[in-house]
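Enquirer: my questions concern the predicted model and sequence given below.
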Amino acid sequence: MPDAPRTELAPPRGVITVFSDIWCSFAHIAIHRLHATRTRLGLDEQVAFDLRAFPLELLNDAPSPRPGTDSEVARMASLEPGAGWQLWQAKDWLYPSTTLPALEAVLAAKEQSLNASEQLDLGLRRAFWAESRCISHRKVIVDVARDTEAVDVDALVEALDDGRARRALADQARVSAGEQVNCSPHLFLPDGSDHPNPGIEVGWEGSYGIGWPVIHSDDPKVYEDLLLQAATE
């Protein structure tokens with residue numbers, strides 16, 4: 001599959017397309033800020049999020065190393081405590097070895113509505129980052145879906161059983177590996193603009209999984225601008 005042309009990544013008015021992985025702490029912040037800012041601006045009915053997979057384990061050809069996510073928790077939590085964070089508290093063997101089932105479930109829920117997909121995605125991020133739940137496990141995914149008000153759980157289970165979203169996941173992985181999508185998170189707006197890791201400039205001290213992130217700047221206000229722009233374009 002060729003890289004998606006630039007025009008194909010620009011959503012219609014009232015939609016922000018977001019490429020991300022659930023394993024990504026920067027995406028956890030971005031998704032939280034998108035939801036919180038949308039509600040604060042009164043745009044819940046005017047702007048929706050089209051969530052697409054940026055599956056790090058496929059792009060890196062390896063699972064995400066736990067030392068990497070552990071090293072990010074304290075630093076990233078200080079930027080956005082309300083997103084929900086904790087160091088992993090469950091048994092070591094329950095740490096998720098993959099996010100592909102969770103990403104597939106989010107795409108499957110999109111068949112019901114963008115809102116269903118949004119709510120499942122948000123719940124799975126909190127389950128991993130704030131509740132130390134194994135989002136690789138089907139039961140955890142279904143339990144998180146059941147806790148939302150937007151997801152038809154029976155329909156989701158049927159979609160997971162027949163794997164209907166797996167093709168979309170593979171296609172989005174190919175797009176993520178191309179030149180149009182740079183990182184998790186990467187936002188695309190109706191006006192054709194795109195915004196990798198909005199508002200945050202980051203570097204690293206040491207290599208990933210050994211060192212830690214160094215935040216050079218953080219401007220949460222950019223999410224107001226992005227949402228207003230998506231609502232009016």
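Expert: Everything's here; your move.

Enquirer: contact partners for residue 224?
Expert: Residues near residue 224 by C-beta atoms under 8 Å, 6 or more residues apart in numbering: 37, 41. For every residue, glycine as well, the C-beta is placed using N, CA and C.

Enquirer: could you look up the SS state of it?
Expert: Following DSSP: H, G, I helix; E, B strand; the rest coil, the label given to residue 224 is helix.

Enquirer: from residue 38, how far off is it?
Expert: Taking C-beta to C-beta, to the nearest Å as the measure, residue 224 falls 10 Å from residue 38.

Enquirer: distance of the residue of the chain most remote from its centre from residue 71?
Expert: Distance from the C-alpha centroid of the chain, by C-alpha atoms, centre = their mean, peaks at residue 206 (25.1 Å). Distance, residue 206 to residue 71, by C-beta to C-beta: 9 Å.

Enquirer: ok, residue 130 next?
Expert: 17 Å.

Enquirer: higher neighbour count, the two?
Expert: The neighbour comparison of residue 130 against residue 71 (other C-beta atoms under 10 Å) goes to residue 71, with 21 against 14.

Enquirer: got a list of what the more buried one touches?
Expert: Counted by C-beta under 8 Å, 6+ apart, residue 71 has contacts 209, 210, 211, 212, 213.

Enquirer: what helix or strand does it sit in?
Expert: Secondary structure assignment for residue 71, by DSSP states H and E: helix 66-79.

Enquirer: report the rounded mean pLDDT for that helix.
Expert: The average pLDDT for helix 66-79 rounds to 90.

Enquirer: equivalent analysis for stretch 25-44, please.
Expert: For stretch 25-44, mean pLDDT rounds to 97.

Enquirer: repeat for stretch 178-189
Expert: Mean pLDDT, computed over stretch 178-189, is 96.

Enquirer: check which residues of it are buried.
Expert: Buried residues in stretch 178-189, defined by neighbour count with 16 or more other C-beta atoms under 10 Å: 180, 181, 183, 184, 185, 186, 187, 188, 189.

Enquirer: circling back: quick check: the residue farthest from the centre of the chain vs residue 62, distance?
Expert: Counting by C-beta to C-beta, the separation of residue 206 from residue 62 is 19 Å.
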